[in-house]
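> fold the following, please.
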Amino acid sequence: MQAYKLNATIDESGHLIIDEPLNIAPGKVEVIILQPVPSLETSTESQPEKPRRKSKVKAFEGLFENAPPTPPDFDPD
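The predicted structure is shown next:
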């Protein structure tokens, strides 16, 4: 199967409207719809700032910025 990426819209009645002409042979096709959803991570206005983890090792600076937080039940021993 050949893949094509294009922009489309779903109208109020649920019909798929392709926003651009297609230069492909006529025939049956399979359609996969990927709809973007709002993410809580992209909205930083309502989220408190994450505490920054510091490292005494210069090579590790910035490594922990995107690391997940330590679970509350974590036992370092």
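
> count of neighbours near L22?
The tally of other residues near L22 (other Cβ atoms under 10 Å) stands at 10. The C-beta positions use only the backbone N, C-alpha and C, and glycine is treated the same way.

> er, D75 I mean
Neighbour tally, D75, other Cβ under 10 Å: 5.

> residues contacting it?
By Cβ atoms under 8 Å, 6 or more residues apart in numbering, no residues touch D75.

> now do the same for it: its pLDDT.
D75 carries a pLDDT value of 82.

> helix or strand: which one has it?
For D75, there is no host helix or strand (DSSP states H and E).

> and stretch 67-77, end to end?
20 Å (Cα to Cα, to the nearest Å).

> off-centre distance for that stretch?
Relative to its parent chain, stretch 67-77 has a centroid offset of 26 Å by Cα atoms, centre = their mean, to the nearest Å.

> separation between the spatially closest residue to E30 that is not a sequence neighbour and V29?
Nearest non-adjacent residue to E30, counting by Cβ to Cβ, 6 or more residues apart in numbering: M1, 7.1 Å away. When distance is defined by Cβ to Cβ, to the nearest Å, M1 is 9 Å away from V29.

> can you check G14 too?
18 Å.

> these two - which one has more neighbours?
Neighbour tally, G14 and V29, criterion other Cβ under 10 Å: the higher count belongs to V29, 11 against 6.

> the more buried one belongs to a strand?
No: under DSSP: H, G, I helix; E, B strand; the rest coil, V29 sits outside any strand and is assigned coil.
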